[in-house]
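Student: Below is the sequence, then the predicted model.
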Amino acid sequence: QLQLVESGGGLVQPGGSLRLSCAASGFTLDYYAIGWFRQAPGTEREGVSCISISGSSTNYADSVKGRFTISRDNAKNTVYLQMNSLKPEDTAVYYCAVKRSYSSSCLRPNNYNYWGQGTQVTVSS
């Protein structure tokens, strides 16, 4: 069974950090570009970051540049999103997703093949 499972979400104070993980099972991430998305209540799903198949290219939403870092560990079949200097507006459910090819438009949720179930991130004092 092909599955993506996110973990690492939780409640954190403004200025704090979290590291999200996205673990794949039933398939290997080696051949997929990966994106992180988030969705807050009443809003559309938005792209946060994405990484190419080789890991050599990444892209970030302007709202998270300089604060979030995406990385992948193919040996562990896992992708990470390190989130620093968190703000209340980062509060959302975070999802990972995979697609067969990487492009500069990877922050759009189109054409992603598999999605995880999401993990809640809440930034509040």
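Tutor: Everything's here; your move.
Student: I'd like to know how many residues surround Leu81.
Tutor: Leu81: 26 surrounding residues under other C-beta atoms under 10 Å. C-betas here are computed from N, CA, C, even on glycine.
Student: wouldn't it be in contact with Ile70 here?
Tutor: Yes: between Leu81 and Ile70 there is a contact at 5.6 Å, judged by C-beta atoms under 8 Å.
Student: so what sits against both of the two?
Tutor: By the contact definition C-beta atoms under 8 Å, 6 or more residues apart in numbering, Leu81 and Ile70 are jointly contacted by Trp36, Ser49.
Student: Once you drop chain neighbours, what's closest to the residue nearest to the spatial centre of the chain?
Tutor: Geometric centre of the chain, nearest residue: Trp36, 2.3 Å, by C-alpha atoms, centre = their mean. Excluding its sequence neighbours, the residue lying closest to Trp36 (C-beta to C-beta, 6 or more residues apart in numbering) is Val48, at 4.4 Å.
Student: Can you list the strands that whatever helix or strand the one you found lives in pairs with?
Tutor: Under the criterion of DSSP states H and E, Val48 resides in strand 46-51. Here strand 46-51 is paired, per DSSP bridges, with strand 33-39 (antiparallel), strand 58-60 (antiparallel).
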